[in-house]
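Peer 1: kindly generate the corresponding structure for this input.
(one chain, ligands or ions: 1)
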Amino acid sequence: MAKCEIKCAPNGPLIVRGDLELKDAAGNPFGLGGRSQVALCRCGASENKPFCDGAHKRVGFDSTVTCSDLPPIS
Ligand code: FES
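Peer 2: Numbering: from 1, shown residues only. A predicted model of the protein is given here:
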């Protein structure tokens, strides 16, 4: 499986970079137009979900995250 990188933009989207295949709930792939990077909405306000359309700025989305560890799988 190819490695991808996901970066949490301050007060904004998840920037996903790599060999991408993004699918809807039915398993249908989104056409990404050859992109190797997309911005996925995490504020919930985009009119073009799952992609970010910049609405996070309009709604004043406030979320800056820093790294933490998940608990081990039990
Ligand atoms: S994160 Fe950009 S529109 Fe939601």
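Peer 1: where does pLDDT dip in the chain?
Peer 2: Low-confidence regions of the chain, defined here as pLDDT under 70, cover residues 1.
Peer 1: where do the helices sit along it?
Peer 2: Counting by DSSP state H, the chain has these helices, from start to end: 55-59.
Peer 1: the ligand contacts on that one?
Peer 2: For the chain, the residues found near the ligand under the criterion CB under 6 Å from any ligand atom are G12, P13, C41, R42, C43, A45, S46, C52, D53, G54, A55, H56. Every residue, glycine included, has its C-beta placed from N, CA and C.
Peer 1: show me which of those are buried.
Peer 2: Listed as buried from the residues of the chain next to the ligand are G12, P13, C41, R42, C43, A45, S46, C52, A55, H56; burial here means 16 or more other CB atoms under 10 Å.
Peer 1: wait, V38 touches L32, no?
Peer 2: Yes - V38 is within contact range of L32, at 6.4 Å (criterion: CB atoms under 8 Å).
Peer 1: any common contacting residues for these two?
Peer 2: L20, L22 (CB atoms under 8 Å, 6 or more residues apart in numbering).
Peer 1: between those two, point out the one with more neighbours.
Peer 2: More neighbours surround V38 than the other of V38 and L32, with 18 against 13 (other CB atoms under 10 Å).
Peer 1: show me what contacts the more buried one?
Peer 2: With contact set as CB under 8 Å, 6+ apart, V38 has these partners: I15, V16, L20, L22, L32, F51.
Peer 1: mind redoing it with 6 Å?
Peer 2: With CB atoms under 6 Å, 6 or more residues apart in numbering as the criterion, the residues that contact V38 are V16.
Peer 1: distance check, it against the ligand.
Peer 2: Here the criterion is CB to the nearest ligand atom, to the nearest Å. By it, V38 lies 12 Å from the ligand.
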